[in-house]
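A.B. asks: Build me a model:
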Amino acid sequence: MNIYDVIKKPLITEKTTVEKDDKNVIAFVVNGAANKIEIKAAVEKLFNAKVGAVNTVNVAGKTKRTAKGIGKRSNWKKAYVTLAEGSDVDFFEA
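C.D. replies: Take a look at the predicted model:
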């Protein structure tokens, strides 16, 4: 799998911003078929940062009511990547 297919986008929320500041953990939305080894290799190659650990979560899509009936959002996969000591990734470079 191509590294650009593995990582779809960074997940930037209030919770992930606090995690990045406190524990040096960044979050990504990743391909549902990607495993931890592929995610680690993609992050190290894309951002030139050493990765300590990778934790993944399968997020179930919500069921929503619409005017035409009941719909369901897509399931997706999230990865929490713990960076090694001294490594840093900055998404908003000045």
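
A.B. asks: What are the phi and psi values at the residue sitting nearest the centre point of the chain?
C.D. replies: In the chain, the C-alpha nearest the mean C-alpha coordinate belongs to F28, at 1.3 Å (CA atoms, centre = their mean). The phi/psi pair for F28 (degrees, to the nearest 10) reads phi -140, psi 150.

A.B. asks: what do you get for K20?
C.D. replies: In terms of degrees, to the nearest 10, the main-chain angles of K20 are phi -70, psi -40.

A.B. asks: And the one 5 residues further on, by the same measure?
C.D. replies: Phi and psi for V25, reported as degrees, to the nearest 10, are phi -120, psi 130.

A.B. asks: Quick check: it touching Y80?
C.D. replies: Yes - the pair V25 and Y80 passes the contact test of CB atoms under 8 Å, sitting 5.5 Å apart. The C-beta positions use only the backbone N, C-alpha and C, and glycine is treated the same way.

A.B. asks: Using the three-state scheme, assign V54.
C.D. replies: The three-state label given to V54 by DSSP: H, G, I helix; E, B strand; the rest coil is strand.

A.B. asks: what helices or strands is the top helix by length along the chain leaning on?
C.D. replies: Looking across the chain with DSSP state H, the single longest helix is helix 36-47. In terms of contacts (3 or more CB pairs under 8 Å, 6 or more residues apart in numbering; DSSP states H and E), helix 36-47 is packed against helix 3-6, strand 7-10, strand 25-30, strand 51-59, strand 76-83.
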